[in-house]
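Peer 1: Just to be clear, the model below is a prediction. Sequence and coordinates:
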Amino acid sequence: MRIPSKYPGKLHFKGPKKGLPSGNPLGKNPSDIWEIMEQDWENGMWNIPNVKSNHPEKTNHPCQFPIELVERCVLALTEEYSWVLDPFAGVGSTVLGAIKNNRNAMGIEKEEDYCTLAKQRIKDYNDGNLKFRPINKPIHQPTGKDKVSQIPQQWLQLQQSDSKEKSNSLNQNHP
Ligand SMILES: C[S@@+](CC[C@H](N)C(=O)[O-])C[C@H]1O[C@@H](n2cnc3c(N)ncnc32)[C@H](O)[C@@H]1O
């Protein structure tokens with residue numbers, strides 16, 4: 001497994017390879033993937049974001065798996081060039097998790113639209129155009145500074161008017 005290079009255009013600036021690309025065209029070796037996986041096994045929990053609207057892998061399938069979930073099983077349970085079969089393939093997440101890790105894969109799906117999407121995703125992957133969440137990407141921890149992790153002004157106003165109402169009703173009950 002390789003992680004796409006952040007700066008694929010970086011060149012050697014001296015020595016016999018001067019001017020040639022300095023990275024591996026396949027991407028770099030992930031340094032911490034096994035550490036992350038080992039830690040998750042020890043914690044007894046896989047912390048993987050599900051595929052919601054803002055997930056890079058989201059299609060119109062209502063119960064799509066994250067590719068990362070399949071990859072972990074594929075890496076733990078199979079070897080290179082093993083065959084992986086998903087009889088309920090949906091939009092092909094299992095097939096993608098397998099081929100991404102040099103396994104052979106086969107999927108069966110009864111809905112034609114999902115088959116079409118799965119084939120397109122496999123093509124996009126092979127062409128290097130598929131967006132997916134990398135297996136070793138840490139879970140985003142809100143800093144508290146993000147707009148979405150701050151309490152909206154409207155809520156604060158609601159809380160204030162709610163507590164005013166409560167204190168008014170207490171005053172009425174106990175004049
Ligand atoms: C939970 S979804 C799988 C989603 C898939 N893991 C993905 O990430 O895209 C189950 C899929 O099984 C398909 N399915 C249900 N019954 C089936 C059958 N008898 N033969 C083939 N596919 C079937 C459904 O259409 C659905 O897409």
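Peer 2: Cool, got the structure. Numbering: from 1, shown residues only.

Peer 1: Now do the phi/psi pair for residue 12.
Peer 2: Phi and psi for residue 12, reported as degrees, to the nearest 10, are phi -60, psi 130.

Peer 1: Residue 41 - that's part of a helix, no?
Peer 2: Yes - counting by DSSP: H, G, I helix; E, B strand; the rest coil, residue 41 is found in a helix.

Peer 1: ok, how many other residues are close to it?
Peer 2: Per other C-beta atoms under 10 Å, the neighbour tally for residue 41 reads 12. In this view, the C-beta of every residue, glycine as well, is placed from N, C-alpha and C.

Peer 1: what about the residue of the chain found nearest the ligand, which SS state?
Peer 2: Closest approach between the chain and the ligand, counting by C-beta to the nearest ligand atom: residue 90, at 2.4 Å. Put simply, residue 90 is coil when judged by three-state DSSP.

Peer 1: For it, list the residues it contacts.
Peer 2: Neighbouring residues of residue 90 by C-beta atoms under 8 Å, 6 or more residues apart in numbering: 61, 63, 64, 65, 109, 114, 118.

Peer 1: Setting the sequence-adjacent residues aside, check what's closest to the fifth one.
Peer 2: It refers to residue 109. residue 89 (4.3 Å; C-beta to C-beta, 6 or more residues apart in numbering).

Peer 1: Which residues does residue 106 form beta bridges with?
Peer 2: residue 85 (DSSP bridges).

Peer 1: quick one: contacts for the residue nearest the centre of the chain?
Peer 2: Most central in the chain under C-alpha atoms, centre = their mean is residue 133, positioned 3.1 Å from the mean C-alpha point. If you count contacts by C-beta under 8 Å, 6+ apart, residue 133 has them with 49, 55, 56, 57, 66, 67, 68.

Peer 1: Now do the SS call for the nearest residue to the third one once chain neighbours are set aside.
Peer 2: Put plainly, it is residue 56. In space, and not counting its chain neighbours, residue 56 is closest to residue 131: 4.1 Å by C-beta to C-beta, 6+ apart. What three-state DSSP gives for residue 131 is coil.

Peer 1: Pretty sure residue 172 sits in a helix.
Peer 2: Yes - secondary structure of residue 172 (three-state DSSP): part of a helix.

Peer 1: Same list, the contacts of residue 133, but as a markdown table with neighbour count please.
Peer 2: What follows is those, written out as a markdown table (neighbours: other C-beta atoms under 10 Å):
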| residue | neighbour count |
| --- | --- |
| 49 | 15 |
| 55 | 15 |
| 56 | 12 |
| 57 | 20 |
| 66 | 21 |
| 67 | 28 |
| 68 | 20 |
